[in-house]
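Peer 1: Sequence first, predicted coordinates after that:
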Amino acid sequence: MSADPSSYRDPSGHVHIEQNRVFRTVTPFGSEEYRAVRDSGALSSLVQRRMLVEAQEIKDAPLRGIGKDDLVLEHPRLPIISYPYEWPFEALKAAALLHLDIQLELLDKNIALSDASAFNIQFQGGKPVFIDYLSFRRYRKNEIWLAHRQFCEQFLNPLVLEAVLGVPFQAWYRGQPEGIPAREVAKVLKFRHKLSPVILSHVVLHARLQEKTDDALAETAGESKKRGLPKPRFRAILLQLRRYIEKLTSRAAKDTAWVNYATENTYESDESAAKLRFVERFVGKVRPTLLVDLGCNTGTYSATAIASGAELVVGLDNDHGALHSAFALAREQQLNFLPLYQDLANPTPALGWNEAERPGLGERLAGANGVLALAFVHHLAIARNIPLVQIVEKICHLAREGVIEFIPKDDPTIQKMLLLRDDVFSGYTVERFTNALAENAEIIERQVISSSGRELFHFRRR
Amino acid sequence: MTRLVLIACLVFVSTRPAQAYVDPGTASIVLQGIVGAIAAGGIFFRHKIAQFLKLFGNRVKPQSKAPIERNER
């Protein structure tokens, strides 16, 4: 039996998913380091503070074909897997700080991390958690930080791109899941940005050194490696990066088009209340374990869903300002709500080795049993010209049961969208919508909730 | 001061077209040597700076390590 398609690089062990359980084997190659780290007791403190997933060594794992000397750990199955190129800015920042905090804490206990991959972190609601047990090993005296380049490419550079330049990192990162190289960020930085010591060293000088190819560099590196990096200096570098990243805020999430939607929308307050109650009724009846909120905006309805009994809500939106607020909401109220950046007209495809290493969004959301599509359909239908029938079909197949809102064409929001465009949307009518919905599912309840004719539909696929 | 040191390093690191594959980790190792020294407060590492200048021994005359020579000038 083979390991999970994403678990191939590390000879110390592999992840296997079997019978909906998550196992991690530890090969003889990795067992010495694993045991040393385990026996130090350093990890249990991290697990207690939910900075690291739990793990239990088990004897009779239902795995075939693994080495007879392999140890097996079992981890709790995370209900949603997300990738750094889907995280809002504040989420990647939280992940970066978690990584550095773990490194700093464990350094004092003479344990090091052998890599700095952002993919070693997942989210539980708004809280990042480290998942790769085999990344831990004993610290070797004066060892250099081998993962420094990876840390820069997978954490620092994307954050700098968005914080310093105002370019959202997700699309760039998705195109290069191994991380964004220093030379690319350095090329777009302006002179005044380069004066910051952290940028000057970890981005600009780093990029320049990477472009050198002669032997003198290799020789210098060889000497540096031999001399090593004393612990106080290693700690100083980690602290420097931590202090810098802590202060970063996104320039792409300020004053975006949809950030103030929750307070500046076209619903009257009683209309909003009616909409909230409809959603509460739906969630109370269905109690989804995984609810997907399409166009979650600042998370108002996601939060309502959680309060009404949804176990986990994954929110998807492509407005960075709205996502910023949504993520802040998830953190502040400690909700099991994970807002992710996503353009639903172009969802994350399968990426990486063999086009299987990082499954696409659809595959990762296959377990969804509830969906909300509130004030959403017209974004795909009108703004992106996607046929209404196809949108309805897609939403009905995301989850068995859900709520879709239909906004009629003469609603002021859509009229605004059509101001400078030709109205080529003769098929965009409530009749067409209802027919398409009825073809895919049963309409359990429908309610008009605004004077402009906005209507909510609770559907259930047969 | 930190900025000056880093800018000095930059000035001496010219870029040449990459003609051979070099593991980018090499750059990281050299960088850690410099940044570690600075970040930990040891800016005045003469041998670090001299070492850096040595990378460009052909183009730039390395500064003399002996203080006497400087005083004589």
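Peer 2: Thanks, I have it. Quantities reported herein were computed from a predicted structural model and do not represent experimental measurements.
Peer 1: quick one: is the lengthiest helix in chain B near chain A?
Peer 2: Across chain B, the helix with the greatest residue count (assigned by DSSP state H) is helix B:25-39. Yes - interface with chain A: helix B:25-39 contributes B:25-39 (CB under 8 Å from any CB of the partner chain). Every residue, glycine included, has its C-beta placed from N, CA and C.
Peer 1: pull the CA atoms of that helix into PDB?
Peer 2: The C-alpha trace of helix B:25-39 is given here as PDB (Å, rounded to 0.1, in the frame of the first residue of the first chain):
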ATOM      1  CA  GLY B  25      21.200  27.100   0.100                       C
ATOM      2  CA  THR B  26      24.800  28.300  -0.300                       C
ATOM      3  CA  ALA B  27      23.600  31.900  -0.300                       C
ATOM      4  CA  SER B  28      21.600  31.300   2.800                       C
ATOM      5  CA  ILE B  29      24.600  29.900   4.700                       C
ATOM      6  CA  VAL B  30      26.700  32.900   3.900                       C
ATOM      7  CA  LEU B  31      23.900  35.200   4.800                       C
ATOM      8  CA  GLN B  32      23.300  33.600   8.200                       C
ATOM      9  CA  GLY B  33      27.000  34.200   9.000                       C
ATOM     10  CA  ILE B  34      26.500  37.900   8.400                       C
ATOM     11  CA  VAL B  35      23.100  38.400   9.800                       C
ATOM     12  CA  GLY B  36      23.800  36.200  12.800                       C
ATOM     13  CA  ALA B  37      26.700  38.400  13.700                       C
ATOM     14  CA  ILE B  38      24.800  41.600  13.300                       C
ATOM     15  CA  ALA B  39      21.600  40.400  14.900                       C
END
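Peer 1: Give me the mean pLDDT for it.
Peer 2: What helix B:25-39 shows for mean pLDDT is 87.
Peer 1: residue ranges with poor pLDDT in chain B?
Peer 2: Low-confidence segments of chain B (pLDDT under 70): B:11-24, B:41-51, B:56-73.
Peer 1: before we move on, back to that, which one (most neighbours) among the residues of helix B:25-39 next to chain A?
Peer 2: Neighbour counts for the residues of helix B:25-39 next to chain A (other CB atoms under 10 Å in any protein chain shown) peak at residue B:30, which has 29 neighbours.
Peer 1: just checking, it touches residue A:224?
Peer 2: Yes - with contact defined as CB atoms under 8 Å, residue B:30 and residue A:224 form a contacting pair (5.9 Å).
Peer 1: interface residues of chain A facing chain B?
Peer 2: Within chain A, the residues that sit near chain B (CB under 8 Å from any CB) are A:144-146, A:148-149, A:152, A:181, A:195, A:197, A:200-202, A:204-206, A:208-214, A:216-218, A:220-221, A:223-225, A:227, A:229-230, A:232-234, A:236-237, A:239-240.
Peer 1: Go through the residues you listed and flag which are in helices.
Peer 2: Judged by DSSP H, helices contain the following of the residues of chain A next to chain B: A:148-149, A:197, A:206, A:208-211, A:216-218, A:220-221, A:223-225, A:227, A:232-234, A:236-237, A:239-240.
Peer 1: Buried by neighbour count, from these: which ones?
Peer 2: When these are checked for burial by 16 or more other CB atoms under 10 Å in any protein chain shown, the buried set is A:148-149, A:197, A:206, A:208-211, A:217-218, A:220-221, A:224-225, A:233-234, A:236-237, A:240.
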